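S.K.: sequence first, then the predicted structure:
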2 protein chains.
Amino acid sequence: MTDLLKTLRETLLMGPGPSMVSPAVYRAIAQPTIGHLDPAFIGLMDAVQEDLRSLLNTGNALTLPISGTGSAGMETCFVNLLEQGDRVMILSNGVFGTRMADVAGRLGAEVESMEFEWGTPVDPQLVASHLRENQYDLIAVVHAETSTGVLNPVEEIGKLVRENGALLLVDSVTGLGGMPVHLDQWGVDAFYSGTQKCLSCPPGLSPVSFSARAAEKIQSRKSRVPNWYLDLNLICGYWAGEAGAKNSKRAYHHTAPINMNYALYAALREVLIEGTDAVFDRHLAAHRQLVEGLEDRGLSMLVKSPHRLPMLNAVKVPQGVDEAAVRSKLLDEHAIEIGAGLGPLAGKIWRIGLMGHTARPANVERLLTALDQVI
Amino acid sequence: MTDLLKTLRETLLMGPGPSMVSPAVYRAIAQPTIGHLDPAFIGLMDAVQEDLRSLLNTGNALTLPISGTGSAGMETCFVNLLEQGDRVMILSNGVFGTRMADVAGRLGAEVESMEFEWGTPVDPQLVASHLRENQYDLIAVVHAETSTGVLNPVEEIGKLVRENGALLLVDSVTGLGGMPVHLDQWGVDAFYSGTQKCLSCPPGLSPVSFSARAAEKIQSRKSRVPNWYLDLNLICGYWAGEAGAKNSKRAYHHTAPINMNYALYAALREVLIEGTDAVFDRHLAAHRQLVEGLEDRGLSMLVKSPHRLPMLNAVKVPQGVDEAAVRSKLLDEHAIEIGAGLGPLAGKIWRIGLMGHTARPANVERLLTALDQVI
């Protein structure tokens, strides 16, 4: 039988994630596995938590990577914060807002959504007037909508949510590592992300962070968290965040994905050593280069300029072009992956990622040259 | 700041997992990340599923790795199979039986446990007489109890469960890859394992498998699975098992942990190429060598001979010996990790793992020599 790993082809990952993994991260992930209670591993866990706090601009004790992909982080936030009958408002303008409503509904919350057109941002004016009349336990929004390339105004929403008294939950699976995230300044109570976007790391872990208010809610639940694997009261006994940790000794909960944590450690170090300002500038520069190149070729962007994410670019498919054929040719003939549209945007857009290690001038150039040949 | 990865020391992992990772698996995990919808990755997913079916001796279509560690597999089985008020019986003789009862209870099931002394197996006679009087929707047992080193008689229990009409759920996190597992012959309806034990792969994925009966129960639930991330009806749209898959096209659910799947692929190939009989014999030989060496030194085993697992050896701590000091010295002075006892066995036993790549004569010899110096 063929060894399929020998047939893998290095691909330029310019879709909605995973993105290009940095060489240092590949070296890290293949380091020797050690035990999950080995003091050396616990030192590495501490360092990962510290670096995450730096990147998130937060003092939140309860900051750690969940042992699953970004969607496990979403599940973690809702399942720990919600109890039966809690009132939840989802500010939704894409796939990941829709997914949040699905996750919360399954947990027995009373879920409402305010829907905004896909490709446009959440409108804080409309949110403000709705929140004046309605109270919620939790309000959730996606910072960087991977399905549309829209940046939502989290800081403005944060002020409104604080006045409402609700907890604010923010998804920044795609934003983290590619643009500023300021949890404390923005008033974010619960946050999740993923490793495979702007952190230039393979998928497999989901960084999460919770404010003291959120941690208190988790500790004072009336019912047990209906999910043993993701119960932060238990997980904190191992990661030593604040929620349920009664002492500083690490208690075995589940066996942490050791090598994925090596990879995340290396990925965070790289971002912080390059410097967040430099990293964010690199993303913006690649984005500008891409948009200019696309517009030169007569292509146009789905999202209006002030609301565009640098790392996820939704490009309208020109009339008469077979969008799937373009993606297949890019992959087959040029070893470049870009993404398709989802939901109502299926067939109408391509999604071009400029995330983490991918966000470099040479990669943008290579894609533009390839597009000239396949469209 | 020090690069902590450069300070990692190669350790001989002889605890309850993770175990030694094979060089081929380290090479695999660092292969270039590709997209989760790339046809090359889908080909690899198919191969992983096929190899899992071989190792599990099953024709179950619904066989795939869950994107989390072994405990996520436990959560997956219960959350998909149970609905509010379902009657569950846990046959429990260790930490992982106790954990199963906790997981099931959080999901609103009516959970009963039959408790057997830790260090002894589940007694099928007692189970038979109890099941004659009581009916259950689901009966669960741990095949290889990692906390005690006991092998439970799954095949005998399977016959009793089938007569009862319940579904049979089996945990073989520690057994898979180190001893025979025959899902179809044993009448197992739901199964989960982990990568970091006898598969010689880092932790991070949990192979699961479901019989047609179990898949039917999942498809015909009255309520939605209260866990979006682990809902097999959705996951099967991506992995193309049978449960909820309505067509053969792969639908994005969550971004699979690409590189962990490379690692699992390589790990399964290694076991199947060495040959399962040879692999199981190697585990048994290492176990016999270890027991003999320990007994020569006046140490004794917790579990009676016919019920011992080859890959997890519970050794009684002699009176007057500081068990934690022995473990620390082994780690610090000899770079060997062994495990502590859990729950009622804390302080009373050591747990010595002979899992996967660890189960080799030279490793046993190295441990015995080190023990001579530290006890």
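M.R.: That came through fine. Worth saying up front: this structure is predicted, and the values here are computed from it rather than measured.
S.K.: break chain A into its domains for me.
M.R.: A:4-19+A:275-374, A:23-272 (automatic domain parsing).
S.K.: distance between the longest one and the chain's centre?
M.R.: Think domain A:23-272. Using Cα atoms, centre = their mean, to the nearest Å, the distance from the centre of domain A:23-272 to the centre of the chain it belongs to is 9 Å.
S.K.: that domain: end-to-end distance?
M.R.: Counting by Cα to Cα, to the nearest Å, you get 16 Å between the two ends of domain A:23-272.
S.K.: quick one on the thing from earlier: most neighbours per residue, which of the domains of chain A?
M.R.: Mean neighbour count (mean count of other Cβ atoms under 10 Å in any protein chain shown) peaks for domain A:23-272 among these, with a mean of 22. Just so you know, the C-beta spots here come from the backbone N, C-alpha and C atoms, and that holds for glycine as well.
S.K.: avg pLDDT for that domain?
M.R.: Domain A:23-272 carries an average pLDDT of 96.
S.K.: sorry, back to before: residue B:153: which of the domains of chain A is closest?
M.R.: Residue B:153 lies closest to domain A:23-272 among these, at 26.1 Å (Cβ to Cβ).
S.K.: just the element for residue A:126, please.
M.R.: helix A:124-133 (DSSP states H and E).
S.K.: and if you look at residue A:174?
M.R.: With DSSP H and E as criterion, residue A:174 is part of no helix or strand.
S.K.: hang on, isn't it packed against residue A:148?
M.R.: No - under the criterion of Cβ atoms under 8 Å, residue A:174 makes no contact with residue A:148, lying 10.7 Å away.
S.K.: and for these two, which residues touch both?
M.R.: Residues touching both residue A:174 and residue A:148 by Cβ atoms under 8 Å, 6 or more residues apart in numbering or on different chains: none at all.
S.K.: all strands for chain A, in order.
M.R.: Ranges of strands within chain A are A:12-13, A:62-66, A:87-92, A:110-115, A:138-142, A:144-145, A:150-151, A:167-171, A:190-192, A:206-210, A:312-316, A:336-337, A:339-340, A:349-353, based on DSSP state E.
S.K.: looking at those, spot the one closest to chain B.
M.R.: Closest approach to chain B among those (Cβ to the nearest Cβ): strand A:336-337, 4.8 Å.
S.K.: output the contacting helices and strands for the closest one.
M.R.: strand A:12-13, helix A:323-334, helix A:361-374 (3 or more Cβ pairs under 8 Å, 6 or more residues apart in numbering or on different chains; DSSP states H and E).
S.K.: could you redo the last one with a cut-off of 7 Å?
M.R.: Strand A:336-337 is packed against helix A:361-374, with contacts defined by 3 or more Cβ pairs under 7 Å, 6 or more residues apart in numbering or on different chains; DSSP states H and E.
S.K.: show me the contacts for the nearest residue to residue A:137 once chain neighbours are set aside.
M.R.: Of all residues not flanking residue A:137 in the chain, residue A:86 sits nearest, at 4.2 Å (Cβ to Cβ, 6 or more residues apart in numbering or on different chains). Residues near residue A:86 by Cβ atoms under 7 Å, 6 or more residues apart in numbering or on different chains: A:109, A:137-138.
S.K.: which residues does the residue in the stretch 101-250 of chain A positioned nearest to chain B contact?
M.R.: Residue nearest to chain B within the stretch 101-250 of chain A (Cβ to the nearest Cβ): residue A:204, separated by 3.7 Å. Residue A:204 sits next to A:69, A:195, A:257, A:260, B:204, B:257, B:260 when contact means Cβ under 7 Å, 6+ apart.
S.K.: leaving out sequence neighbours, find the closest residue to residue A:324.
M.R.: Closest residue in space to residue A:324, ignoring its immediate chain neighbours: residue A:340 at 7.1 Å, by Cβ to Cβ, 6+ apart.
S.K.: kindly state the beta-bridge partners for that neighbour.
M.R.: residue A:350 (DSSP bridges).
S.K.: tell me what angle the longest helix belonging to chain A forms with helix A:361-374.
M.R.: Looking across chain A with DSSP state H, the single longest helix is helix A:276-296. Interaxial angle, helix A:276-296 versus helix A:361-374 (axes from the mean of the first three to the mean of the last three Cα atoms, to 10 degrees): 20 degrees.
S.K.: export helix A:276-296 to PDB, keeping only CA atoms.
M.R.: Output of helix A:276-296 as PDB, limited to C-alpha atoms (Å, rounded to 0.1, in the frame of the first residue of the first chain):
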ATOM      1  CA  THR A 276       2.600  42.300  17.400                       C
ATOM      2  CA  ASP A 277       2.800  45.700  15.600                       C
ATOM      3  CA  ALA A 278       5.100  44.300  13.000                       C
ATOM      4  CA  VAL A 279       2.900  41.200  12.600                       C
ATOM      5  CA  PHE A 280      -0.300  43.200  12.200                       C
ATOM      6  CA  ASP A 281       1.400  45.600   9.700                       C
ATOM      7  CA  ARG A 282       2.500  42.600   7.700                       C
ATOM      8  CA  HIS A 283      -1.100  41.400   7.500                       C
ATOM      9  CA  LEU A 284      -2.400  44.800   6.500                       C
ATOM     10  CA  ALA A 285       0.300  45.300   3.800                       C
ATOM     11  CA  ALA A 286      -0.400  41.900   2.300                       C
ATOM     12  CA  HIS A 287      -4.100  42.700   2.300                       C
ATOM     13  CA  ARG A 288      -3.500  46.000   0.500                       C
ATOM     14  CA  GLN A 289      -1.300  44.400  -2.000                       C
ATOM     15  CA  LEU A 290      -3.900  41.700  -2.700                       C
ATOM     16  CA  VAL A 291      -6.800  44.100  -3.000                       C
ATOM     17  CA  GLU A 292      -4.900  46.300  -5.400                       C
ATOM     18  CA  GLY A 293      -3.800  43.400  -7.500                       C
ATOM     19  CA  LEU A 294      -7.400  42.000  -7.700                       C
ATOM     20  CA  GLU A 295      -8.900  45.400  -8.500                       C
ATOM     21  CA  ASP A 296      -6.200  45.900 -11.200                       C
END
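S.K.: of the domains of chain A, which is nearest residue B:348?
M.R.: That would be domain A:23-272 among the domains of chain A, by Cβ to Cβ, at 16.7 Å.
S.K.: thinking again about what came up before, need the domains of chain A in JSON lines with distance to residue B:191, can you?
M.R.: Supplementary listing: these in JSON lines, determined by distance: least, Cβ to Cβ, whole Å:
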{"stretch": "domain A:4-19+A:275-374", "distance to residue B:191": "25"}
{"stretch": "domain A:23-272", "distance to residue B:191": "17"}
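S.K.: how close does the residue of chain A positioned farthest from its centre sit to residue B:271?
M.R.: When distances are taken from the C-alpha mean of chain A, residue A:1 lies farthest, 37.4 Å away, according to Cα atoms, centre = their mean. Plainly put, residue A:1 is 13 Å away from residue B:271 if you go by Cβ to Cβ, to the nearest Å.
S.K.: just to revisit the earlier point, what angle do the longest helix of chain A and strand A:349-353 make?
M.R.: 150 degrees.
S.K.: I'd like to know which elements helix A:276-296 is packed against.
M.R.: strand A:312-316, helix A:361-374.
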